[in-house]
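Asks: show me the folded form of this:
(one chain, ligands or ions: 1)
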Amino acid sequence: MANEAKAFMNGKKVSLKDAKVGIMTHALHYGTAVFEGIRGNWNESKEKMIIFRLKEHYDRLLRGSNILKMDLGYTSQEMCDITVDLVKSNGYKEDIYIRPLAYKSQELIANLKLHELEDDLSIIVIPFGAYIDNTKPIKCQTSSWRRPEDTMMPTGVKLAGLYTTSILAKTEAVSAGYDEAILLNNDGTVSEGSGENLFMIQNDEIITPTETDNCLLGITRNTIIQIAKNELNIDIKERRIHRSELYLSDEIFLTGTAAHVTSVGSLDNRTIGNGKVGQITKTLQDIYFSIVSGKIEDKKYKSWLTEFKI
Ligand SMILES: Cc1ncc(COP(=O)(O)O)c(C=O)c1O
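Replies: This is a model prediction of the structure:
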């Protein structure tokens with residue numbers, strides 16, 4: 001049985017039901033916050049919680065906080081320690097999602113500045129299974145919404161306000177009967193999914209948009225780049241991708257903390273490859289799942305896992 005749900009807020013652990021902000025909070029009005037999405041995978045045979053790349057998530061949170069001129073007062077390592085303690089207090093023995101949020105906490109809405117405002121860090125933990133059913137390929141739609149350019153909003157970090165675009169795109173796709181949206185850049189090249197990075201495979205070459213194609217610098221993206229290199233001896237190529245190249249590809253898959261590695265079976269009602277999970281996608285999926293769930297013990301990947309008993 002899980003314990004009473006706890007959150008971290010205002011520098012301490014509190015009951016989740018008491019973790020509230022006021023209606024005047026700056027971040028609520030302007031999206032002035034950065035957040036992270038982190039997974040903890042429950043390994044039943046080891047009876048251990050395994051959090052994936054915890055430190056890297058907090059490093060990205062700190063980079064985003066810096067852009068928003070926040071001084072959270074915690075190092076990345078301190079936030080990792082707070083998180084482990086919070087996860088233990090919640091006591092879930094199942095897969096979880098951890099959501100840290102660094103936000104402009106001051107109740108001062110008539111202020112369109114980032115500086116001279118108070119900040120806070122909150123962290124919540126919830127049980128979390130599959131975000132997308134990735135046992136079968138999904139149906140995607142090219143969104144009519146474009147991924148904002150980095151010149152409009154910082155795209156390489158998880159800026160809360162930026163997610164309005166992702167939510168518009170996802171809603172449009174799901175309302176039209178698709179599973180997920182693919183967003184293009186303003187110039188019509190491919191950026192990413194509403195909450196995932198994108199990879200395409202053509203003639204055994206794996207290609208993903210570059211870091212300057214306005215996509216989030218995904219931790220799962222980086223994980224897949226390293227797994228492909230170490231385990232398949234494939235150097236993933238990072239370059240701009242034209243929209244129609246996606247229709248011509250043999251396989252497409254999406255990556256993200258929530259979505260894991262998800263195969264795309266069709267895009268805009270055009271079948272990708274043979275419409276089934278492709279061979280390279282399947283291989284990468286299997287290796288990725290074995291690592292994040294702690295099923296393979298490989299020294300190379302040990303530093304990615306924060307493991308502990310509940
Ligand atoms: C817009 C967007 N792109 C990509 C990703 C994948 O990032 P990560 O692998 O770090 O979860 C996410 C998920 O958080 C996202 O929201």
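
Asks: next structured bit after the lowest-mean-pLDDT helix or strand in the chain?
Replies: Lowest on mean pLDDT, DSSP states H and E among the helices and strands of the chain sits helix 299-302, with a mean of 93. Next in sequence after helix 299-302, counting helices and strands by DSSP states H and E, comes strand 305-309.

Asks: what helices and strands are in contact with that following strand?
Replies: Judged by 3 or more CB pairs under 8 Å, 6 or more residues apart in numbering; DSSP states H and E, strand 305-309 is in contact with strand 48-52, helix 76-90. Backbone N, C-alpha and C define where each C-beta goes, glycine included.

Asks: these: which one's closest to the ligand?
Replies: strand 48-52 (9.5 Å; CB to the nearest ligand atom).

Asks: which parts of the following helix or strand past that closest one are buried?
Replies: Once the chain leaves strand 48-52, the next helix or strand it forms, by DSSP H and E, is helix 54-67. For helix 54-67, the neighbour count (16 or more other CB atoms under 10 Å) marks 54, 56-62, 64-65 as buried.

Asks: can you check stretch 78-91 too?
Replies: So for stretch 78-91, counting by 16+ other CB under 10 Å, buried means 79-80, 82-84, 86-90.

Asks: give me the residues contacting it.
Replies: 1-3, 5-8, 13, 38, 40, 49, 51, 54-55, 58, 61, 72, 74, 96, 98, 100, 121, 123, 125, 306, 308, 310 (CB atoms under 8 Å, 6 or more residues apart in numbering).

Asks: switch to 6 Å and redo it
Replies: Residues outside stretch 78-91 that contact it (CB atoms under 6 Å, 6 or more residues apart in numbering): 2-3, 6, 8, 54-55, 58, 123, 125, 310.

Asks: residues contacting residue 253?
Replies: 199, 261, 263, 281.

Asks: wait, residue 149
Replies: Here residue 149 is in contact with 186, 214 (CB under 6 Å, 6+ apart).

Asks: rerun that using 8 Å as the cut-off
Replies: Contacts of residue 149 (CB under 8 Å, 6+ apart): 155, 185-186, 214.

Asks: any of those residues buried? List them.
Replies: For the contacts of residue 149, buried by 16+ other CB under 10 Å: 155, 185, 214.

Asks: the closest residue to residue 43 other than its chain neighbours in helix, strand or coil?
Replies: In space, and not counting its chain neighbours, residue 43 is closest to residue 294: 4.7 Å by CB to CB, 6 or more residues apart in numbering. The three-state assignment at residue 294 reads coil, by DSSP: H, G, I helix; E, B strand; the rest coil.

Asks: so which of the helices and strands packed on strand 305-309 comes closest to residue 142?
Replies: strand 48-52 (29.7 Å; CB to CB).

Asks: and of the contacts of residue 253, the nearest to the ligand?
Replies: residue 261 (10.1 Å).

Asks: ok so, going back, in TSV: the contacts of stretch 78-91, plus pLDDT and distance to residue 253.
Replies: Formatted as TSV, those follow (pLDDT from 0 to 100; distance: CB to CB, whole Å):
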residue	pLDDT	distance to residue 253
2	71	33
3	81	37
6	98	36
8	98	34
54	98	24
55	98	25
58	98	26
123	98	30
125	98	28
310	95	32
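
Asks: can I have the buried ones of those as a PyMOL selection?
Replies: Those of the contacts of stretch 78-91 that count as buried under 16+ other CB under 10 Å are selected in PyMOL with:
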select buried, resi 6+8+54+58+123+125+310
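
Asks: take the contacts of stretch 78-91 and lay them out in CSV including distance to residue 111.
Replies: Formatted as CSV, those follow (distance: CB to CB, whole Å):
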residue, distance to residue 111
2, 39
3, 38
6, 31
8, 26
54, 33
55, 33
58, 27
123, 25
125, 31
310, 42
